[in-house]
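S.K.: any chance you could fold what I've pasted below:
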Amino acid sequence: MREEKKRFVLYEYLMYFWKRKHYFLIVPIITMLLIGGGVYFLKKDMPYTGQAVVYTGGVTSPDLTRENNIAAKFADEENLEIFVSSKQVKFTKKGNSAKEVEQNLNNLSGKYVDDLIENYEGRLEKSTVYLNSLEKRVEVLNAAIEKYNQDLEKDLDPDKYELLIDLFIETEKELSEADATANRMRSDLDFFVREKPKVLSENVTQSKTYFKEGAAIGLILGLLLTVLLLALMKYLSEGRRYYND
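M.R.: Next up is the predicted model:
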């Protein structure tokens, strides 16, 4: 009885792959070009992309800070994306030339900042007027308290004295509230003045094609397909030889 020859299956497969090593060059290149090219044409966009980032500062009006409301203001603009984050609005504009995109971005961001500044200055003016009225009210209340103090030092009958005491207490309470509100308003205004809207950045770059990413995926997939293809070819070759024998 003939002794069966010991087989080293892994070694046989490695030798089979080595003899057909050109497959590891041809198949990955084909899949790399196919997938990379497919991704390039499927994802192909306008050649230039511009982004402008605007700082909204102290403006909190929903008409100017909510994404859908901002988009409604620029509804006629094509190839425009708007993204709103904390106190920032990013405009992304696509176009066929860098100059075209840059001009469009300047117009968009300029118009938007003008609207923000108008709202900002309106709020600042109203807040300043209100603060001035509070300060005048504080002066009036201080004068009233001083007058009450002078009157209380006089020789008054009990009813009038009690009435002045009530007025004094009520005026002091009102003064305390007005003074606290005025101090809070000054602090808010100091902060608000530093929160003026402005354009943080503007830039125009060539649009991303994703060809490299697609090609890398195609290369990896091609290597896997090559291994599977050669393994299948080896298996079929041995099966055919077995049945022929």
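S.K.: and the helices in this protein?
M.R.: With DSSP state H, the ranges of helices along the chain come out as 9-19, 23-42, 62-65, 67-73, 98-152, 158-193, 211-244.
S.K.: check which residues of the first one are buried.
M.R.: Meaning helix 9-19. residue 17 (16 or more other CB atoms under 10 Å). Where C-beta positions appear, they are placed from N, C-alpha and C, glycine not excepted.
S.K.: possible to save the helices of the chain as JSON lines with mean pLDDT?
M.R.: What follows is the helices of the chain, written out as JSON lines (pLDDT from 0 to 100):
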{"stretch": "helix 9-19", "mean pLDDT": "84"}
{"stretch": "helix 23-42", "mean pLDDT": "84"}
{"stretch": "helix 62-65", "mean pLDDT": "93"}
{"stretch": "helix 67-73", "mean pLDDT": "93"}
{"stretch": "helix 98-152", "mean pLDDT": "92"}
{"stretch": "helix 158-193", "mean pLDDT": "90"}
{"stretch": "helix 211-244", "mean pLDDT": "86"}
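S.K.: what's the closest of those helices to residue 52?
M.R.: For residue 52, the closest of the helices of the chain is helix 98-152, at 4.2 Å, according to CB to CB.
S.K.: of the helices of the chain, which is nearest residue 201?
M.R.: helix 98-152 (9.7 Å).
S.K.: and the closest one with helix 158-193, angle?
M.R.: In terms of direction (axes from the mean of the first three to the mean of the last three CA atoms, to 10 degrees), helix 98-152 departs from helix 158-193 by 160 degrees.
S.K.: now helix 98-152: how far from the chain's centre is it?
M.R.: 28 Å (CA atoms, centre = their mean, to the nearest Å).
S.K.: and if you look at stretch 232-239?
M.R.: 55 Å.
S.K.: just to revisit the earlier point, which one of the helices of the chain lies closest to residue 81?
M.R.: Between residue 81 and the helices of the chain, the shortest separation by CB to CB is 9.0 Å, and it involves helix 67-73.
S.K.: what helices and strands are in contact with that closest one?
M.R.: Helix 67-73 sits against helix 62-65, strand 80-85, helix 98-152, with contacts defined as 3 or more CB pairs under 8 Å, 6 or more residues apart in numbering; DSSP states H and E.
S.K.: on that earlier part again, what's the closest of the helices of the chain to residue 50?
M.R.: With CB to CB as the criterion, residue 50 lies closest to helix 98-152 of those, at 4.0 Å.
S.K.: who does the residue most central in space within the chain bridge with?
M.R.: What sits nearest the mean C-alpha location of the chain, by CA atoms, centre = their mean, is residue 85, with 4.5 Å. Assessed by DSSP bridges, residue 85 has beta-bridge partners residue 88.
S.K.: returning to that earlier point: export the helices and strands packed on helix 67-73 to TSV and tack on distance to residue 202?
M.R.: Formatted as TSV, those follow (distance: least, CB to CB, whole Å):
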stretch	distance to residue 202
helix 62-65	19
strand 80-85	14
helix 98-152	6
